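J.: The amino acid sequence is not available; the structure is as follows:
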């Protein structure tokens, strides 16, 4: 069920998705309301599930993870999703996993230190998981857009 949000809620979400550390007093000034009102509205957005927390973004490249790849996973047969997922969760380089319709059963996003590391993750971990028939890998050359859903 979609929650109804007004223009002030939209402004709040805009500030917080841009920088989760934005001070409520700064948001309040920009919205023309009190800091207490911003605090109450943020609580409402959290309780409704619109805001699921806050986070800091890590630059993977600075940490040495220079290869980003997407891996399409084909299942051997139906019914193996949960057991495959349980094993995928154990691979720390997997940062996203989507159960999809279409060509792949799963679509994974992973970060590796380099192409050699990517090959080891694929060959020694992902492709060894029972229930996986095959994979197809796409290396990202550049992340051109990174953003949250726009609040219109």
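T.: Thanks, I have the structure now. Values in this document were obtained by computation on a predicted structure and should not be read as measured data.
J.: For the protein, which segments count as strands?
T.: In the chain, the strands defined using DSSP state E lie at 67-75, 94-99, 106-112, 132-140.
J.: and the ones you listed as a markdown table, adding distance to residue 13 and mean pLDDT?
T.: Every C-beta, even on glycine, is put in place using the N, C-alpha and C of the backbone. Below are the strands of the chain laid out as a markdown table (distance: least, CB to CB, whole Å; pLDDT from 0 to 100):
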| stretch | distance to residue 13 | mean pLDDT |
| --- | --- | --- |
| strand 67-75 | 27 | 98 |
| strand 94-99 | 22 | 98 |
| strand 106-112 | 24 | 98 |
| strand 132-140 | 27 | 98 |
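J.: just the ones you listed: most buried one?
T.: strand 106-112 (a mean of 21; mean count of other CB atoms under 10 Å).
J.: is it true that residue 111 touches residue 65?
T.: Yes. Using CB atoms under 8 Å, residue 111 makes contact with residue 65 at a distance of 3.9 Å.
J.: Mind listing the shared neighbours of these two?
T.: residue 93 (CB atoms under 8 Å, 6 or more residues apart in numbering).
J.: Identify the residues contacting the longest helix along the chain?
T.: Counting residues, the longest helix found in the chain (DSSP state H) is helix 35-48. Here helix 35-48 makes contact (CB under 8 Å, 6+ apart) with 3, 5, 8-9, 12-13, 16, 24-25, 27-28, 31, 51-53.
J.: neighbour-wise, which of the residues you listed leads?
T.: residue 12 (28 neighbours; other CB atoms under 10 Å).
J.: Make sure it is actually in contact with residue 31.
T.: Yes. Contact criterion CB under 8 Å: residue 12 and residue 31 qualify, at 7.0 Å.
J.: ok now do residue 64, which residues does it touch?
T.: Contacts for residue 64 (CB under 8 Å, 6+ apart) come out as residue 113.
J.: what's the distance between it and residue 93?
T.: Residue 64 is 12 Å from residue 93, where distance means CB to CB, to the nearest Å.
J.: Any idea how many residues pack against the closest residue to residue 91 other than its chain neighbours?
T.: Spatial nearest neighbour of residue 91, chain neighbours left out: residue 125 (5.3 Å); criterion: CB to CB, 6 or more residues apart in numbering. Residue 125: 16 surrounding residues under other CB under 10 Å.
J.: possible to save the strands of the chain as TSV with distance to residue 41?
T.: Listed next are the strands of the chain as TSV, based on distance: least, CB to CB, whole Å:
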stretch	distance to residue 41
strand 67-75	35
strand 94-99	29
strand 106-112	32
strand 132-140	36
